[in-house]
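Peer 1: just need the structure, nothing else, for what follows:
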Amino acid sequence: MAWVAVGGIVVSAGMSFFGAEQASKEAQKQRDLMFNLRMAEIASNEKIEYEKIRTGNETERIRILAESLRLYREALQKESTIRLRDTWIYVAGLGCGTGVIYGLFLMYSKSKSNANA
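Peer 2: Prediction:
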């Protein structure tokens with residue numbers, strides 16, 4: 001009977017040792033899994049922050065471009081208005097000059113016809 005008890009103890013100790021080893025391996029797998037999940041979460045958060053920064057930079061770049069285009073459009077409108085005004089001044093001066101020359105021509109032709117009559 002003693003041998004049966006000793007055999008039972010040995011088998012029980014062997015099963016306990018084997019069970020503890022399996023539990024240790026399973027616990028290590030769980031720790032590795034948790035570590036990998038945490039690293040994946042950190043990498044995901046890093047990518048999200050990088051995208052936020054990139055999106056913010058793109059938004060700022062688009063805002064600067066829109067502001068530059070607005071200022072350029074205003075400058076073109078001012079220049080166009082000035083050129084249009086200058087064109088009307090030129091056309092008016094041309095018309096006045098033509099009128100004066102035509103008036104002198106008429107006066108000269110009338111004075112010539114009065115002198116011939």
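
Peer 1: show me where pLDDT drops low in the chain?
Peer 2: Low-confidence segments of the chain (pLDDT under 70): 1-11, 13, 17-18, 20, 114-117.

Peer 1: helices of that one, residue ranges please.
Peer 2: All helices of the chain, identified by DSSP state H, fall at 2-116.

Peer 1: tell me how many other residues crowd Cys96.
Peer 2: By the measure other CB atoms under 10 Å, the count of residues near Cys96 is 10. (C-beta placed from N, C-alpha, C; glycine too.)

Peer 1: typo on my end, it should be Ser109
Peer 2: Using other CB under 10 Å, Ser109 has 10 neighbouring residues.

Peer 1: now Asn45
Peer 2: Residues near Asn45, counting by other CB under 10 Å: 10.

Peer 1: do you know how far it is from Ala75?
Peer 2: From Asn45 over to Ala75 the distance is 45 Å, taken as CB to CB, to the nearest Å.

Peer 1: same thing with Lys29?
Peer 2: In this view, Lys29 and Ala75 are 68 Å apart by CB to CB.

Peer 1: repeat for Ser44
Peer 2: 47 Å.
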